[in-house]
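# Please find the sequence and the predicted model below.
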Amino acid sequence: MSNIKIGFLPLYLQLYEDIKPWAKEPMLPHKEECIKRLKDMGAEVIAVDLCTKEEQFMAAADLFIKEDVDVIVTLHIAYSPSLKSIGAFVKMNKPVIALDATPTYDFKSSMFVKDEIFPNHGIHGVQGMCNLLRRNNIPFKVEAGHIDHSDVIERVFADCQAAKAAKNLKSIRVGRVGGSFDGMGDFFKTPEELKDELGATVVPIDLELYNNLYSAVTDEEINAQIAYDKEA
């Protein structure tokens, strides 16, 4: 499979930018580490800056469409109102993997729980976003966990592989030799059904061309191929 191309979309809230623009700075290394680990898995990652406004989400959508990414991976740095981003998701019409990962592993080990709430409340945005994704028939999956204490990055990457395979299937061309046995319906799908359901295009062989090619093969070529196969 060719390299997986991920559109990485970090979501944030404009209100926080307005009232305390410095607050996001401690959370940015977490975002960069998530991107790095996906790259370390072998993915090509096209990332954008934090998006808070509808026009920023739409600009990200335009970039991801231009780059022909295979899948969108989201990361909520904080709560983000879902109506700000849903238009971009609809425009892209690509599968979405919600990476639900917070910087803090658990609050029990923290002496400053109050200070930990702000950088760890993105789940509220995940819920709202996924609600609208479902209502707009956009395929998505949520993968939750801490990047240091779970296999969440591996799970996200596996989901991206599946998205890439599905995308490839939609553009596949299948050569067909012969036809189906009359009355056999257990595996039968018409070319039209395969195109509608999977995106695969069936290309039947031209029997006249096949017969001409078959007749042109000499005994010497057949024997040479047999000898080659025995040596291989």
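Received the coordinates, thanks.

# From now on I want contacts and neighbour counts done on CA atoms only, so please keep to that.
OK.

# give me the low-pLDDT residue ranges for the protein?
Scanning the chain with the threshold set as pLDDT under 70 gives 1-2, 107-116, 118-119.

# could you pull out the helices for it?
Remark: helices assigned in the chain by DSSP state H are 14-19, 28-40, 54-67, 82-92, 113-117, 123-135, 152-170, 191-198, 207-216, 219-231.

# and the gap between Arg135 and Met129?
10 Å (C-alpha to C-alpha, to the nearest Å).

# neighbour-wise, which of the two wins?
Neighbours were counted for Arg135 and for Met129 using other C-alpha atoms under 10 Å; Met129 has more, 23 against 8.

# Apart from its chain neighbours, what residue comes closest to the more buried one?
Ser82 (4.8 Å; C-alpha to C-alpha, 6 or more residues apart in numbering).

# The one you found: what's it in contact with?
Ser82 makes contacts with Gly125, Gly128, Met129, Leu132, as judged by C-alpha atoms under 8 Å, 6 or more residues apart in numbering.

# Just want the most central residue of this structure.
Val71 (2.4 Å; C-alpha atoms, centre = their mean).

# Who does that residue form a beta bridge with?
Ile6 (DSSP bridges).

# who's in contact with it?
So Val71 contacts Lys5, Ile6, Gly7, Lys94, Pro95, Val96, Ile97, Cys160, Ala163, Lys164 (C-alpha under 8 Å, 6+ apart).

# If you rank the residues you listed by neighbours, which is first?
Ile6 (28 neighbours).

# Would you quantify the distance from it to Ile222?
From Ile6 to Ile222 the distance is 47 Å (C-alpha to C-alpha).

# same check, this time on Met27
Distance from Met27 to Ile222, by C-alpha to C-alpha: 66 Å.

# which of these two has more neighbours?
Met27 (16 against 11).

# My read is that the more buried one contacts Ile77, right?
Yes - assessed by C-alpha atoms under 8 Å, Met27 is found in contact with Ile77 at 6.9 Å.
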